[in-house]
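> could you work out the structure for the sequence below:
(chains A, B, C and D)
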Amino acid sequence: MLTVVTVVLAAVVLAVLAVGMGYVLGWANRKFHVAVDPKVEALLGAMPGANCGGCGYVGCSEYAEALARGEAGVTLCAPGGVSTAEQLADIMGIEVDQACPYRAVLHCSAYEHQRLQRREYFGERTCGAANLVGGTQGCAYGCLGFGDCELVCDYDAIEMVDGLCIIDYEKCVGCGACVRACPRNIISMIPFKADRMLVVVCANKDNAREVKEVCEVGCSGCALCARKGPELFSMDGGLPIIDYEAYTPDHPDLEIAREKCPKKTLVFMGKPAEPESF
Amino acid sequence: MAEAPKSRNFIGQAWLVILLALLYGGALATVHTALSARIAENKRNETYSVIPILVEGADQSMTAEVSVEGQNGKELTVYRVLDSGGHHRGWVLPAAGQGFADQIEILIGLDAEVSTIAGLYVLGQKETPGLGDYITGEGFRNRFRGKPTDRPLVVVKSDPKANNEILALTGATISSESVSGIVNRALANLKGPIRQLAPGGGEEQDEASSPADRQGETGP
Amino acid sequence: METLTGLVLIFISAALINNFVLHYFVGVCPFLGVSRKIGTAFGMGCAVTFVISIAALLSWTLTYFILRPGAPLPSWVWAVAGGNPATTVDLSVLSYIVYIFVIASSVQFVEMYVRKFFPALYKSFGVYLPLITTNCAILFACLEIMKHLQDPMRLWGLHEALALAIGGGVGFTIAISLMAGIREDMDICDVPKPLKGAGIALIVAGIMAMAFMGFTGVQNGVETALSSLLR
Amino acid sequence: MTRGEPTALERFINGILPENPVYRQLLGMCPVLAVTNGMKPAMTMAGATAFVLILANIMISLMRGLLKPHLRILVFTLTIATFVTIADRLLAAYMYEMSKQLGPYVPLIIVNCLIISRCEICASKQDVRVAVADGVGMSLGFALALASIATVREILGSGTWLGLPVMPGFWPNWGIMVLPPGAFLTLGLLLGMVEWVNQARAKKAGKRE
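As a prediction, this is how the structure comes out:
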């Protein structure tokens, strides 16, 4: 008797709870519905939904949004593993094996000997620490060369060569760790629409004279590229910006701008690596 | 657009969840009925097995559970301890309180007249290893034996002079104070009500006969 | 006034002395995962505090009326079925499943509600809500409350359950915010490569746990102070 | 799907070291820290987790054809919570002391990400045979991780291993190791060591190429 009542009551309590909660949530879902980007929703549906935070984002939905914006790679979900990465790649319309189209690029090309060293630096040998005291060099924008990005790269895709971070695109998977690590924010993720992409390899927005004082190779801000190829190039202060939305691998502006650039700060990056860029 | 079909499809979509809820609910209740007697006995044994340590000459099979309303108005279960001959030997009351690190759970043994402490046992504690956890040791517990219940216990750091003084553990004064504080509070709360359940008289006969009945009920 | 002292002690104990993260190790995953920026960490802490209070409210209600041994609802069913009044129906075996169910559903409900009616609030803290479902701190609070409702000696009221829940949430917020502050500064330190990330974070947490051990024993002082204050 | 799902044997081996749930995936940290102050509770915990993981894997794998995408997490949670309750009751009935010592950490298995992630990755996609292999492999990996941490903590903290004295009599027990800070410190350092070995091996492999 006691057993029967307990068993029946337990089953009924659980079932009532399941139906009740399900109904309330279904009702709430319709009542409180907020339009969400269908792509985000599709991505979210493909994720395990454990909200473990292992990807470094706050929950699955934030990761899905970052994915949809193209800021994150598809391989970050640890609980989901390879199969989830493949589904996410399917939704994003990219191939996970062929590599995610977002890759890190460095906007600086000055090796240590090419930039003015302003003073001796005795602090902690990390970019983060050096950046706090204004850097070790004349250029307030460029690569500091202590290799914070190299340290955070889990894929050994970054090597510091003569005080400059060199990215190996054979190894880079586009996780974005280096972008977050760089205190000077001169690494960015761009969509690799071809194996090799044109990149502005300077981050100094100052005028030509100031740039010349601190760096042998920095962009002078002559705006030739923006004049010759207005469809893809525009100027932001003393620095050109490439519109990667409009970018196509065979766009005629690319070659024109690259040929005209007097400082050769427009460089193709990607794989195979160019033997010697300049 | 999906509103109407959605609500009609609700059962269709969630049938698996509801079925599982029924199934799991039933399964859990079955497991519970199969094991609950054993678990209850484990819990009971935890207290009963130490009763002979708390009150000398006690026979654990003769112990009776008595419900008492404390001075703070809450109902509590205390144990009336008898020896194998059915003579009243004392009382055991459970008490708990904040220790140095976490809750300390203790059992206090009292003599039949509720005038002195017969023994103390620590059921659960998480005091600092190597210092505070010595409260579980026999040496410390025996310091409570024979102390009077009419005056609150006081923890001292040098040799006790008055008979209500307890010597603190070296390096664990707070743990020692916590235990004596728990004892003081429990006694203040329950001493009166227990005394009213005076040993002797018709009531005891009822209680004395109950252990056998209860044993029969909880047996598997 | 004894009640008030009791509540304050429960709160302080949950927030500092037996800090959820640093003493009971519950909520370690978000503690390590979402502690890179102070702002994010604080938002996470607030969200946890909020959800933990709701979960405590719901789980106390369900436990008190349905799940504890001798609760009103099963007793009533038992009486209707004509069972022997000496025995009781015990549904406590369902506790875990009900708690996790309630936590998951209420988190989802709150998330939808906030997103619809308080978009600004949702932007700042709604994103943390789903992450909380699998946060052990919430379930742990429910379990602690259950423990105190199963034992008739320490039958907790709703106010005590809420004191524990809010104390736990505040403790979590304190711990994760401190951790985020330390990690922000640690970004500029030269940490050995193998320890980067989780390794050094755990060691820092260990040192923090040691520091929090200094709170043990505080409750005695607090109790004395409160009782003299309230007298 | 460009890649085939791993076979049973691969799943089994993966769980133990290459994808070790604790050291490689950082899943299920809560029990790893909380119950490793001695070998006995750690092993009991590993056993309980294995029980839940394997049975939940079997159950989910059996009904993988019936799962609806948006309700699958709910079904996983229900299944896991049920098996956790059963494990909890069994412990309370047959190993009461241990169950009391583990306290709330047995029910907290429900929110151990390890189990739900195995249900999602493996059991909901592959047949029972593979799911069992995966469950056993992951459980062994989890047990291995718990054992390594518990060994360090118990030997340094109490001078014993599985309750047997192993340190010489004059050994001053490091009380801190059995307290919460010891858990964080031990896991942090062990994690660093594993990472160090991995990096050294990766470097070696890189050179050989």
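> quick check, central residue of chain D?
Nearest to the geometric centre of chain D sits residue D:142, at 2.8 Å (Cα atoms, centre = their mean).
> so that one touches residue D:29, yeah?
No: when contacts are counted by Cβ atoms under 8 Å, residue D:142 is not listed as touching residue D:29 (11.5 Å). Every residue, glycine included, has its C-beta placed from N, CA and C.
> please enumerate the strands of chain C.
Counting by DSSP state E, chain C has no strands at all.
> so which residues on it come close to chain B?
Proximity of chain C to chain B, by Cβ under 8 Å from any Cβ of the partner chain, involves residues C:2, C:9, C:13, C:17-18, C:90-91, C:93-94, C:97, C:152-155, C:216-217, C:219-220.
> on that earlier part again, any shared contact partners between residue D:142 and residue D:29?
Common neighbours of residue D:142 and residue D:29, using Cβ atoms under 8 Å, 6 or more residues apart in numbering or on different chains, are residue D:22.
> the residue in the stretch 101-250 of chain A positioned nearest to chain D - nearest residue in space that isn't next to it in sequence?
Nearest residue of the stretch 101-250 of chain A to chain D: residue A:156, at 7.2 Å (Cβ to the nearest Cβ). Using Cβ to Cβ, 6 or more residues apart in numbering or on different chains and skipping residues adjacent in sequence, the residue nearest residue A:156 is residue A:171, 5.9 Å away.
> then residue B:82?
Nearest residue to residue B:82, sequence neighbours excluded (Cβ to Cβ, 6+ apart): residue B:62, at 4.1 Å.
> how deep is that neighbour tucked in, by neighbour count?
By the measure other Cβ atoms under 10 Å in any protein chain shown, the count of residues near residue B:62 is 21.
> hmm, it is touching residue B:87, no?
No: with contact defined as Cβ under 8 Å, residue B:62 does not reach residue B:87; the gap is 9.4 Å.
> and the residue nearest to residue A:156, what element?
Secondary structure from DSSP states H and E places residue A:171 outside every helix and strand.
> check chain C for me, the residue farthest from its geometric middle.
residue C:82 (39.8 Å).
> my guess is residue D:15 meets residue D:145, correct?
No: the criterion here is Cβ under 8 Å, and residue D:15 misses it with residue D:145 at 11.0 Å.
> intersection of neighbour lists for those two?
residue D:21.
> in chain B, which residue is most central in space?
Taking Cα atoms, centre = their mean, the centroid of chain B lies closest to residue B:94, which sits 3.2 Å from it.
> who is it paired with across the strands?
Counting by DSSP bridges, residue B:94 is bridged to residue B:107.
> touching chain D at all, stretch B:174-188?
No: applying Cβ under 8 Å from any Cβ, one finds stretch B:174-188 separated from chain D by no less than 13.9 Å.
> which elements pack onto the longest helix along chain D?
Ranked by number of residues, the top helix in chain D under DSSP state H is helix D:128-158. Here helix D:128-158 touches helix D:8-16, helix D:29-34, helix D:39-62, helix D:113-118, strand D:160-161, helix D:175-178, helix D:180-208, going by 3 or more Cβ pairs under 8 Å, 6 or more residues apart in numbering or on different chains; DSSP states H and E.
> run the contact check for the fifth one versus chain B.
In this case it means strand D:160-161. No: using Cβ under 8 Å from any Cβ, strand D:160-161 never reaches chain B; the gap is at least 12.3 Å.
> again, but for the last one
No: contact between helix D:180-208 and chain B, assessed by Cβ under 8 Å from any Cβ, is absent, since the two come no nearer than 10.0 Å.
> by contact count, what packs against that helix?
Secondary elements touching helix D:180-208 (3+ Cβ pairs under 8 Å, 6+ apart): helix C:198-213, helix D:29-34, helix D:128-158, helix D:175-178.
> just the ones you listed: most buried one?
helix D:29-34 (a mean of 26; mean count of other Cβ atoms under 10 Å in any protein chain shown).
> got the contact list for residue B:127?
The contact partners of residue B:127, by Cβ under 8 Å, 6+ apart, come to B:99, B:100, B:101, B:102, B:104, B:133, B:135, B:172, B:175.
> again, only this time at 10 Å
Contact partners of residue B:127, counting by Cβ atoms under 10 Å, 6 or more residues apart in numbering or on different chains, are B:99-102, B:104, B:133-136, B:169, B:172, B:174-176, B:178-179, C:216.
> from those residues, which land in strands?
Short answer: those in strands (DSSP E) are residue B:104.
> among the contacts of residue B:127, which ones are buried?
For the contacts of residue B:127, a neighbour count by 16 or more other Cβ atoms under 10 Å in any protein chain shown gives the buried set as B:99-102, B:104, B:133-136, B:169, B:172, B:174-176, B:178-179, C:216.
> wait, what's in contact with the closest residue to residue D:140 other than its chain neighbours?
Of all residues not flanking residue D:140 in the chain, residue D:16 sits nearest, at 5.2 Å (Cβ to Cβ, 6+ apart). Contact partners of residue D:16, counting by Cβ under 10 Å, 6+ apart, are D:136, D:137, D:138, D:139, D:140, D:141, D:142, D:143, D:144.
> residue A:245: helix or strand, and which one exactly?
For residue A:245, there is no host helix or strand (DSSP H and E).
> residue A:8 reaches residue B:26, doesn't it?
Yes: using Cβ atoms under 10 Å, residue A:8 is in contact with residue B:26, at 7.9 Å.
> surely residue C:184 and residue A:132 touch.
No: using Cβ under 10 Å, residue C:184 is not in contact with residue A:132, being 11.8 Å away.
> can you confirm residue A:141 is in a helix?
No: with DSSP: H, G, I helix; E, B strand; the rest coil as the criterion, residue A:141 is located in coil rather than a helix.
> give me the element the residue in chain B positioned nearest to chain C is part of.
Nearest to chain C, among the residues of chain B, is residue B:32, at 3.8 Å (Cβ to the nearest Cβ). Residue B:32 is part of helix B:10-48 when elements are defined by DSSP H and E.
> give the other helices and strands that whatever helix or strand comes next after that helix contacts.
Using DSSP H and E, the helix or strand that follows helix B:10-48 towards the C-terminus is helix B:51-54. Counting by 3 or more Cβ pairs under 10 Å, 6 or more residues apart in numbering or on different chains; DSSP states H and E, the packing neighbours recorded for helix B:51-54 are strand B:75-82, strand B:88-98, strand B:103-111, strand B:117-124, helix B:138-142.
> mind checking which helix or strand of chain D has the lowest mean pLDDT?
helix D:8-16 (a mean of 80; mean pLDDT, DSSP states H and E).
> pull it out as CSV, backbone CA atoms only.
Taking Å, rounded to 0.1, in the frame of the first residue of the first chain, the C-alpha atoms of helix D:8-16 are listed here in CSV:
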residue,chain,number,x,y,z
ALA,D,8,34.5,2.1,-29.7
LEU,D,9,38.2,1.5,-29.1
GLU,D,10,39.2,5.0,-30.0
ARG,D,11,36.5,6.4,-27.7
PHE,D,12,37.8,4.2,-24.9
ILE,D,13,41.5,5.2,-25.3
ASN,D,14,40.7,8.8,-25.8
GLY,D,15,39.0,9.1,-22.5
ILE,D,16,41.9,7.9,-20.5
